[in-house]
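Trainee: Whatever this is, show me its structure:
(3 chains)
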Amino acid sequence: MGFPHKPHERETLVLSRHFGEQEAIGLDGWRKRGGYVALEKALKMEPAEIVQIVKDSGLRGRGGAGFPTGLKWSFMKPGDGKPHYLACNADESEPGTFKDREIMRWTPHALVEGCAVGAYAIGAEVAYIYIRGEYTEALAKMNAACKEAYAAGILGTNAMGTGKTVHVYVHKGAGAYICGEETAMMNSLEGRRGNPRIKPPFPAVAGLFGMPTTINNVETLTAVPHILNNGADWYKKMGRADNPKSTGTKLFSVCGNISKPGNYEVTMGFPFKDFLYDLCGGPLPGRTFRAIIPGGISVPIQTREEAENSLMDYEGFVANGTMLGSGGVIIIDDAQNLVKQIARAARFYAHESCAQCTQCREGTAWTTKILERIRDGEGTTEDLDTLLAISENMTGTTICVLSDSCATPVISGIKKFRPEFESLIHGRRSHSVLSAVA
Amino acid sequence: MVSLTIEGRPVTVPEGTSILEAAKVAGILIPHYCYHPGLPVAGVCRMCLVEVEKAPKLAPSCATSVAEGQVVRVHTERALEARKGVLEFLLINHPLDCPICDQSGECELQDYTYQEGRADSRYRDPKRFNPVEDFGGDVLYVPNRCILCTRCVRFMDDVAHDTVLNVSERGDRALIGKFEGKDMTHPWSGNVVDLCPVGALLSKDFLNKARAWELDRVASVCPSCTQGCNITIETRDLQVARLKPRPNEDVNKFFMCDHGRLNYRWMNRTDRAEQPMVRTNGALRSIDWDVAVHAAASLLRDARVYVVASPMLSNEALYLLSRLMRRGDGSGAFRVATGDEAPLAGVEDLALRRDRAANVNGAELFGFKRAENPLEGMRDGDVLIIADDDLGRIASPELARASHVVVIGTTLPEAARDAAVLLPITNFAEEEGTFTNLRGRVQRFTQAKPAPGLARPSWLVLGDLLGALGAQDGFYLPSDVFASIAASHAAFSGLSYEALGMRGLPVLESQTSGAAR
Amino acid sequence: MNAAGHANAPYAPVFTGARKAELDELMTRYPTKMAALLPALWIVQEERGWVPSEGMAEVAELLELTPAYVKGVVSFYTMYHQHPVAKHFIQVCTTSPCNVCGAEDVVNALLEQTGCEELGVTSPDGKYAVIEVECLGACGFNTPLMVNEKFIESVTVETVPALLASLG
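Mentor: Numbering: from 1, shown residues only, chains lettered A, B, ... in the order given. Now for the predicted structure:
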């Protein structure tokens, strides 16, 4: 649903069907809505069977990377004698994204069930849900849901009476965007600074505590019970007929200068233009869309034209100059100062850089300083060249992609909205004393 | 084994080797900061990026293993641009401190910037500022210069097993930090100053003392305990200014302890015996070397001899002393100051040893006994040779039992003021020789500074003395003395200065059971 | 804020009684002691309102870590306070999605009406401080903010007076 608004008829409500229903939050209410049927079924299946169904469904990671989930699960080698771990990434911190928090605060048991099924499928007895520290409501509700599940014998050493062990533990973060990066999240869980790790080794080989680990997003895991209940074909059918690579539904978090901000669930491949003007109510009165970022602030900025041409799936956005990312749709209209917003975005990255890699640690701060000078009317044309050079040095050179993510709005912003920057620069050419006189 | 090509050079290395290490084997230095062979890999500085054929992204060569048939390029435009970018980022907040920074001249930021960096700066904004901090021990931290390579943090954590340093804060606010009240008191913490590629971690002892390019350097061995860490002695204007560890995979890896590192001032002492002296008419008088040597020889010729040796003497000196001792039907002893052992936990068999002298093992190998009171074994009437023991806590009456006292040393101890002959010798920093460490490893040290006055190398004086007593072998070089040792002692059989090189070799297994601690 | 939260009061250990039992239970969830670090630090901050050095030392001892290590971790995460904070520590999201929806106007209204005037500065009556924080994950419910541990969404310039009144 375009929660908190009433569901739009063109939405496809799978994960968000019960948003807003108080009764759905507790165990009894959730059971009435079909909860834990999938887990009961799963615990009687072979893990490999479950992995195959998820593979067939075409489910891809909903955190932003879009990696095929079934394939990721198949990297966990059964029978290696090592403890396996599932880590649910509930660190949702990508600006523009606020879907996982809705899943957790309205349907916490859906996530508990998804984690339990996922853990079982990859041979793990323990699943950790890493929830960002700021999500007080989600933390309270997930903790309560886990408690209920343990009390009802759904979790524990005799999960649903099968004699199998499934533990789901909630782990509270403490304020760091970078902990949404899967290897940084693992370090944070282990009680370290949230520094991303160099890959290889990959988490499926050596992850949490050095053991094989799979990390999945909240939205991804919550989709799994539905796939088990309704079948892989059901999930595969949702999407564009001519694009089998993107299947199922996606929760899009819509925010910024839009009439009806909220979380909307549509099938993959939905036309973006319809989405923006019909489902989301279009721009605010008297305004027009200027810049649209469909996947959270780390994906390239689209012009209105590019957005209106896009189909909402992984391939559709790539074909129109951006990426699906986390599905956090940020709308910026013509009344906004785009340079100011890009400067603010850079400031975000500079604040969140973990400080390991030289390019990111220094580059995010430098980028911010230059953009803020331009914003304040103290920029020069040299600065634009410097920004692009810095951004190029920040791309593809670091342990994780926070660095690249900082470069993205800068590069796409200057490329597609250059006149906005130039108008603030007033033709000042350089910082030399001589030209200051001119 | 894996075969690959780096900058067109074929190289074969064991599986699991990093590209950076493989490049070293191929004779190519890939610029880097955070990587160090003695520390776990971090891969954070991003300086070591190289181009690997068929790989879309540049690879951090310190953290990427070699692959069969890999083609690696280090100096393509793409790699050079990336490294130039890293240097630019490192310099934007770096203060223009070179004129006042101790690291200047041995600074890897200077070196690589000169080699591959930009000639100008594009940074127009204020630089970050943090005040200097005293980290305790010998270590000062200058955050403004820090490049966050984290070598210091990894050393204290993984090698010293004393996690007293951290990285604090996030982003461009990050700096190295510690906990109030918990300082760099670990006995090996001074190594972080060596490890720091720039002038962020400095030695208080060395602060503003000399410029790196004013220093002369020789290879040597630390004399402060029996571990025998390989070191470099650095002198300025013929004075020892600093000691630094020298890499030796089999002894000290890349490290030395703070006690040894800072214990060099005695090498510069000026209160030295500088003239050969003979007692005539009741007083010691300066005299020619020949006369002094013959005076000593005449005292020793038909006498029983007792030797108080110093465990700081070289194998060469101790060998010749032992010949004097046996010729005189004598015996000898040594004493050694002791202190607490301080291991470097992360390295096998590496510690500041209890015995605080370099050549306890050598002294024992050549027949000198360890004794609390080194004069205990002296028989009445012996001619007493004091070989560089400073006779601290020994009063002159105790020497009275000796018929004559011959001092062969760097000083004339007060208690031996009635000595008959004084032969002044060089200290360890002023001569060449070898030590035998507690594991029986024989290692060479070389001369770092000239001897004062007329003082001569210990082995030369002792060789001349033996010659004056009738010995036929003349020694012109310390290597000659060593050859004589090798020919006459099974433990040293087959060894020579050439064979020892500057990293040493072990003596035979059977001889390593000495009580050196 | 209790007396123990005041910067000058002597430090009384946090991990006694129920809180110790809580930590012991948390530690059973992980194969290493170190993994209980963030949860342990949260307990300290819940008890004291911030994480004093003594708290870091206490946690370090319990988890067999060094105080320097614990401090390095504390300083990494935005939500752990290394100094006491105002009674009502107001953290307003101003990242781009909220920024285009008037988050800065909310900040300015708060600064004015609390008497703080400046970001990060405690109000003269000691009750308030206002800072900007990064994305709080409620972008469609702007402007969201936190007051200490409380999450409040959909704050507008118009609702600021009522919000402040509700804080007491």
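
Trainee: Give me the pLDDT for residue A:5.
Mentor: Note for residue A:5: predicted pLDDT of 87.

Trainee: these two touch, right, it and residue A:260?
Mentor: Yes. The criterion here is Cβ atoms under 8 Å, and residue A:5 meets it with residue A:260 at 5.2 Å. Every residue, glycine included, has its C-beta placed from N, CA and C.

Trainee: Strands along chain C, start to end?
Mentor: C:88-93, C:128-133, C:145-147, C:150-152 (DSSP state E).

Trainee: Then the stretch 201-350 of chain A?
Mentor: Assigned by DSSP state E, counting those that start in this stretch, the stretch 201-350 of chain A shows strands spanning A:213-217, A:249-256, A:262-267, A:270-271, A:289-293, A:302-303, A:311-312, A:328-333.

Trainee: can those strands go into CSV with extra columns for mean neighbour count, distance to chain B and mean pLDDT?
Mentor: Below are these laid out as CSV (neighbours: other Cβ atoms under 10 Å in any protein chain shown; distance: least, Cβ to the nearest Cβ, whole Å; pLDDT from 0 to 100):
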stretch, mean neighbour count, distance to chain B, mean pLDDT
strand A:213-217, 26, 20, 98
strand A:249-256, 28, 25, 97
strand A:262-267, 26, 30, 97
strand A:270-271, 20, 31, 97
strand A:289-293, 25, 22, 97
strand A:302-303, 20, 25, 97
strand A:311-312, 22, 27, 97
strand A:328-333, 27, 22, 97
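
Trainee: hang on, the earlier thing: including distance to chain B, could the strands of chain C go into JSON lines?
Mentor: As requested, those are arranged in JSON lines below (distance: least, Cβ to the nearest Cβ, whole Å):
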{"stretch": "strand C:88-93", "distance to chain B": "16"}
{"stretch": "strand C:128-133", "distance to chain B": "14"}
{"stretch": "strand C:145-147", "distance to chain B": "19"}
{"stretch": "strand C:150-152", "distance to chain B": "22"}
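
Trainee: Quick check: which of the ones you listed is nearest to residue B:491?
Mentor: Closest approach to residue B:491 among the strands of chain C is made by strand C:128-133 (70.8 Å; Cβ to Cβ).

Trainee: Please parse chain B into its domains.
Mentor: With domains defined by automatic domain parsing, chain B comprises B:2-90, B:123-214, B:277-511.

Trainee: Does the last one reach chain C?
Mentor: Think domain B:277-511. No. Shown here: domain B:277-511 not in contact with chain C (Cβ under 8 Å from any Cβ of the partner chain), separated by at least 13.8 Å.

Trainee: just how off-centre is that domain within its chain?
Mentor: Distance of domain B:277-511 from the chain centroid (Cα atoms, centre = their mean, to the nearest Å) equals 21 Å.

Trainee: rewinding a little: what would the strands of chain C look like in JSON lines with mean pLDDT?
Mentor: Formatted as JSON lines, the strands of chain C follow (pLDDT from 0 to 100):
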{"stretch": "strand C:88-93", "mean pLDDT": "98"}
{"stretch": "strand C:128-133", "mean pLDDT": "98"}
{"stretch": "strand C:145-147", "mean pLDDT": "97"}
{"stretch": "strand C:150-152", "mean pLDDT": "96"}
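
Trainee: Cool, thanks, talk later.
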